[in-house]
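Q: Predicted structure and sequence below. I'll ask about it afterward.
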Amino acid sequence: MQRRRAVYAGGMKNRWLLSLTWLLLGAIAVGRATAQSPTLEGDTAHPAHTQGWVDTRLYFGLGRFEPSTNQAGAGHSEARVTEAGWLDFLDKEVTPRFPDGLSVIDVYGQWQGKTMSNPERLRSKLLVIDYPDTAENRAKIETIRTAWKKRTGDQSVLCVTQPAQVSF
């Protein structure tokens, strides 16, 4: 009987040591996983954490999505902007001002001016740019908007800017 108790006590001791070993190995693995950062490192244009950044979304109408029966007060030019025309604008007006990165999303949009009887449906591009909120960068945004209106004859480019917490 005493021999059985000794074997049982030895088995409990081994189980306890095995459990402790697994616990320590798990802690080491978690420590290594958290030691590596998911953020981009060593690039000042793309910081791990930011302060004073904004997220700006610009909506560019490319032309009517479908023929409209609305003749009065259409604020958008009749000309359609092709994909090549959009890329040319992006390359010449946007990218030089914000070379560190941006996003473009194809969207459908509509709006209705005061003198319009029906909404105008538009093929559109949504441009998303995150950047430090400075007077210089805000002026760049306005220059882009003005360049688009000149190029297309549009009355406006919708701009939505909000504070943003950004990390790369």
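A: Yes, it's here.

Q: Low-confidence stretches in the chain?
A: Residue ranges of the chain with pLDDT under 70: 1-42, 45-47, 66-79.

Q: Run through the strands of it in chain order.
A: Listed in chain order, the strands of the chain (DSSP state E) span 53-64, 103-111, 120-132, 158-164.

Q: okay, the angle between the first one and strand 103-111?
A: On the basis of axes from the mean of the first three to the mean of the last three CA atoms, to 10 degrees, strand 53-64 is oriented at 60 degrees to strand 103-111.

Q: Let me see the residues that make contact with strand 53-64.
A: By CB atoms under 8 Å, 6 or more residues apart in numbering, the residues outside strand 53-64 that reach it are 76-81, 86, 107, 109, 120-133, 141, 144-145, 148, 152, 154, 157-166. (Glycine included, C-beta is placed from N, CA and C.)

Q: give the contact list for residue 119.
A: 110-112.

Q: Got a ChimeraX select line for the buried ones in these?
A: Remark: buried members of the contacts of residue 119, expressed as a ChimeraX selection using 16 or more other CB atoms under 10 Å:
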select :111
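
Q: between the contacts of residue 119, which is nearest residue 98?
A: Distance to residue 98 across those (CB to CB) is lowest for residue 111, with 25.4 Å.

Q: So that closest one sits against residue 124, correct?
A: No - at 10.0 Å, residue 111 does not count as touching residue 124 under the criterion of CB atoms under 8 Å.

Q: Could you list the buried residues of stretch 109-123?
A: So, applying 16+ other CB under 10 Å, buried residues of stretch 109-123: 109, 111, 116, 120-123.

Q: For residue 158, grab the count of nearby residues.
A: Residue 158 is flanked by 14 other residues according to other CB atoms under 10 Å.

Q: Identify the residues contacting it.
A: 58-59.

Q: Show me what it bridges to in the sheet.
A: residue 59 (DSSP bridges).

Q: swap in residue 106?
A: Assessed by DSSP bridges, residue 106 has beta-bridge partners residue 125.

Q: Which residue, other than its chain neighbours, is closest to residue 105?
A: Spatial nearest neighbour of residue 105, chain neighbours left out: residue 126 (4.3 Å); criterion: CB to CB, 6 or more residues apart in numbering.

Q: ok, now residue 61?
A: residue 122 (4.2 Å).

Q: re the thing from before, can I have the buried ones of the contacts of strand 53-64 as a ChimeraX selection?
A: Applying 16+ other CB under 10 Å to the contacts of strand 53-64 leaves a buried subset, and the ChimeraX line that selects it is:
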select :76,77,81,86,109,120,121,122,123,124,125,126,127,129,130,131,133,141,144,145,148,152,154,157,166
